[in-house]
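Student: Pasting the sequence and the predicted coordinates here, then a few questions.
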Amino acid sequence: AKLTRDFLARIVRALEEKDVGVYAEAQLLEDAIDDLEERLRNNHIKRLNTGECTVNSGLIFIDMLHNLEKIGDHTFNLAKAVVGRK
């Protein structure tokens, strides 16, 4: 959640400052969010398989992961808009 919040804050700053140099940083942050989501999802699946986690709480966790990753995707789209990419 912190990585996603930090990413969004950085892009909002770039929008305010018209910082067209933000694209490379945005790509790195978006990739980091994707990697973190995959790592956390895989760890969760392992916990489900060993019985350390219940299905109900697991569904909430996976839904939260997905939503945070989507926020990262949308934030990256904002970054592309800042630099004029499609």
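Tutor: Ah, there it is.

Student: what's near enough to touch Glu38?
Tutor: Listed by C-beta atoms under 8 Å, 6 or more residues apart in numbering, the contact set of Glu38 is empty. Glycine gets a C-beta too; all of them are placed from N, C-alpha and C.

Student: Now it: which helix or strand?
Tutor: helix 23-50 (DSSP states H and E).

Student: what's the answer for Ala81, then?
Tutor: helix 55-83.

Student: same question for the helix holding Glu38, mean pLDDT?
Tutor: Taken as a whole, helix 23-50 has a mean pLDDT of 95.

Student: for it, which positions count as buried?
Tutor: Buried residues in helix 23-50, counting neighbours by 16 or more other C-beta atoms under 10 Å, are found at 23, 26, 29-30, 33, 36-37, 40, 44, 48.

Student: Let's have these in CSV, adding distance to Val55.
Tutor: Converted to CSV, those look like this (distance: C-beta to C-beta, whole Å):
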residue, distance to Val55
Tyr23, 40
Ala26, 35
Leu29, 32
Glu30, 30
Ile33, 25
Leu36, 23
Glu37, 19
Leu40, 17
His44, 11
Leu48, 7
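
Student: Asp73: which of those residues is nearest?
Tutor: For the buried residues of helix 23-50, the minimum distance to Asp73 (C-beta to C-beta) is 7.1 Å, reached by Glu30.

Student: what's the nearest residue to that closest one if we skip its chain neighbours?
Tutor: Spatial nearest neighbour of Glu30, excluding adjacent residues (C-beta to C-beta, 6 or more residues apart in numbering): Phe76 at 4.1 Å.

Student: Please apply the same query to Val55.
Tutor: Of all residues not flanking Val55 in the chain, Leu48 sits nearest, at 7.1 Å (C-beta to C-beta, 6+ apart).

Student: what about Leu15, which SS state?
Tutor: Judged by DSSP: H, G, I helix; E, B strand; the rest coil, the three-state class of Leu15 is helix.

Student: Show the contacting residues for it.
Tutor: 78, 82.

Student: Sounds good, over and out.
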